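**Student:** Mind folding the following:
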Amino acid sequence: MKLSGGVEWALHCCVVLSRASAPVPSARLAELHGVSKTYLAKHLQALARAGLVRAAEGRDGGYALTREPAAITVLDVVEAIDGDQPAFRCTEIRQQGELALPPEECRVPCGIARVMAEAERSWRRSLAGTTIADLGASLDPARLDRVLGRG
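**Tutor:** Purely as a prediction, here's the structure:
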């Protein structure tokens, strides 16, 4: 499974937001991770469209999670950034070329399609079983407070 770099950025931002006591500006999130502000803003907007973060306006504005970190899974973030389409798409190659089978022999998925579908289910199950709270447990809150200027 190949994921875009935006998934990593979005996950790191969600982890920071999960431990932050106030909204964090997108520019500050970009600085914390040493990434492009404009590219990160695009991914924060995708997280907002998916209902995972909200933008807070005003002097103390920034981004905050919309629900408890334990209620946001890694799969939620992956799908917000990269979409929910399966990684493998069967094109029924077994019905093409010199080895082509007739359609009546292709009523059930072949072994390749079955193993790829099972891998996809396992991968998604694993990501759905890990929350932002799980990932945030390793973040030192005192260090985060110092970095964000609150400690």
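
**Student:** The residue nearest to residue 36 when sequence neighbours are not counted and residue 42: what is the separation?
**Tutor:** Nearest non-adjacent residue to residue 36, counting by Cβ to Cβ, 6 or more residues apart in numbering: residue 30, 6.6 Å away. Where you see a C-beta, it was placed from the backbone N, CA and C, and this is true even at glycine. The spacing between residue 30 and residue 42, counted by Cβ to Cβ, to the nearest Å, is 11 Å.

**Student:** Likewise for residue 79?
**Tutor:** Per Cβ to Cβ, residue 79 is found 16 Å from residue 42.

**Student:** and stretch 85-103, how far apart are its ends?
**Tutor:** Taking Cα to Cα, to the nearest Å, stretch 85-103 runs 25 Å from one end to the other.

**Student:** hmm, who's touching that stretch?
**Tutor:** Here stretch 85-103 makes contact (Cβ atoms under 8 Å, 6 or more residues apart in numbering) with 1, 2, 106, 109, 110, 112, 113, 116, 117, 119, 120, 123.

**Student:** Which parts of the protein are strands?
**Tutor:** In the chain, the segments counted as strands under DSSP state E are 53-56, 62-65.
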